[in-house]
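Engineer: Give me a model of this one.
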Amino acid sequence: MSAHSLPFDPAPTIQPFHPRWVPAGGATSVRTGIYLDVVTIPGTLGQQIADQLIQLFDCHPGGIYLNADAELVHFAAEPKTTNQFRWPPGIGHYGEAGTLSVEVPALDCAPFPWSWLSLPTHRREFVDCQTIHALVRHEDRQVPAPLHRSRALGARGQRTTTTGAAQPQPHCRGNRPTP
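Structural biologist: Numbers count the residues shown, from 1 in each chain. A predicted model of the protein is given here:
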């Protein structure tokens, strides 16, 4: 090897995208309206909307995370966008009008009950708020109350059948952290 050549590295280091609003570890409170806005959708409707967004945006709709204890799906939206829409009852939206803090889990070491359904990427850091709103309005039904934990979500956030058997969630390769 010459003095001017660098050694060949067969496994180059890939730098994952890590937005400013996501903590390095654990979960932390982040102010809405400044770093991000958040739309929360309860129960199975939240899971259905997340699945539709993942399909619509070719596995990369932006940041979507789940709180299994509260049975809430959180959709990270661009700052100052959620208050541009009228949301149906039962849908939470947190943005500039009433700046609050929301919990955000770390990307690769989220503590229970948090888990990521879709990671933020360079291409799509945030979920498009207008698309979330359109999907929620398209459902044209009342937002269901969260189901009893044993029927809606398993211990690690996976969906269960009425008998309690876990069903795999649809996902895209490379979009969700491996357990």
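
Engineer: now the helices for the protein?
Structural biologist: Counting by DSSP state H, the chain has these helices, from start to end: 43-56, 129-139, 149-152.

Engineer: Excluding chain neighbours, what is closest to residue 107?
Structural biologist: Distances taken as CB to CB, 6 or more residues apart in numbering place residue 22 nearest to residue 107, at 5.7 Å, with adjacent residues excluded. For every residue, glycine as well, the C-beta is placed using N, CA and C.

Engineer: same question but for residue 69, I mixed them up
Structural biologist: residue 113 (4.0 Å).

Engineer: Tell me, how many residues neighbour that neighbour?
Structural biologist: 19 (other CB atoms under 10 Å).

Engineer: Distance of it relative to residue 106?
Structural biologist: 13 Å (CB to CB, to the nearest Å).

Engineer: do residue 23 as well
Structural biologist: Taken as CB to CB, the span from residue 23 to residue 106 is 5 Å.

Engineer: got it, and residue 124?
Structural biologist: On the measure of CB to CB, residue 124 and residue 106 end up 19 Å apart.

Engineer: residue ranges with poor pLDDT in the protein?
Structural biologist: For the chain, applying pLDDT under 70 flags the ranges 1-16, 97-99, 139-179.

Engineer: Which parts of it are strands?
Structural biologist: Here the chain has its strands, by DSSP state E, at 27-31, 37-42, 64-67, 72-77, 92-94, 101-105, 114-118.

Engineer: got the ones you listed as CSV, with distance to residue 86 columns?
Structural biologist: CSV is the format used below for these (distance: least, CB to CB, whole Å):
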stretch, distance to residue 86
strand 27-31, 23
strand 37-42, 13
strand 64-67, 22
strand 72-77, 15
strand 92-94, 10
strand 101-105, 20
strand 114-118, 25
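
Engineer: Residue 130 is nearest to which of these?
Structural biologist: strand 72-77 (9.4 Å; CB to CB).

Engineer: Which other helices and strands does the closest one contact?
Structural biologist: Judged by 3 or more CB pairs under 8 Å, 6 or more residues apart in numbering; DSSP states H and E, the packing partners of strand 72-77 are strand 37-42, helix 43-56, strand 64-67, helix 129-139.

Engineer: one more time with 7 Å
Structural biologist: strand 37-42, helix 43-56, strand 64-67 (3 or more CB pairs under 7 Å, 6 or more residues apart in numbering; DSSP states H and E).

Engineer: Residue 117 reaches residue 49, doesn't it?
Structural biologist: No. Between residue 117 and residue 49 there is no contact under CB atoms under 7 Å: 10.3 Å.

Engineer: I figured residue 23 hits residue 108, correct?
Structural biologist: No. Applying CB under 7 Å as the test, residue 23 and residue 108 come out as separate, 11.0 Å apart.
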